[in-house]
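# Below: sequence and its predicted model.
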Amino acid sequence: MGTNPTLIVDTTLVNTSPGGYPSNPFAPPAGWEGDAEAYVQLMRERFQRAPWLRQWLGMVAFYHRNGRPYRVVGPWREAMVGIIAAVCRRLERSRVEEDASIDE
């Protein structure tokens, strides 16, 4: 009888180290040498086409907005912290607009 391996993902860890894609949507390709601006562009492109990145980033934004612990590690840590903050701002604007339409 075959085994059914269970995939466990630590959604509180955002690792920007190269080489872990596709299981790690935040990882650039192995050997990648882009700068912070190129990393942000790579994440924008993946955001458009990768539901897994959008879901995981949404979870991290939830952790951030609610004071829950999470970790961002790797060479593009600072760029990713900026991305998380931008996602939180976008979610907050969306929530405020939604609340305003309910009040009308």
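Arrived safely.
# got the contact list for Tyr21?
By Cβ atoms under 8 Å, 6 or more residues apart in numbering, Tyr21 lies in contact with 27-29. Placement of C-beta: from N, CA and C, glycine included.
# Quick one: those as CSV, columns for pLDDT too.
Shown next, in CSV, are these (pLDDT from 0 to 100):
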residue, pLDDT
Ala27, 96
Pro28, 96
Pro29, 95
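# quick one: which of those residues is most hemmed in?
Most neighbours among those, by other Cβ atoms under 10 Å: Pro28, with 23 neighbours.
# quick one: that one and Pro22 touch, right?
No: using Cβ atoms under 8 Å, Pro28 is not in contact with Pro22; the gap is 11.9 Å.
# separation between Ala85 and Ala79?
Counting by Cβ to Cβ, to the nearest Å, the separation of Ala85 from Ala79 is 11 Å.
# The two: which has the busier surroundings?
Ala79 (21 against 12).
# follow-up on the earlier one: can you tell me which of the contacts of Tyr21 comes closest to Gly67?
Closest approach between the contacts of Tyr21 and Gly67, by Cβ to Cβ: Ala27, at 26.4 Å.
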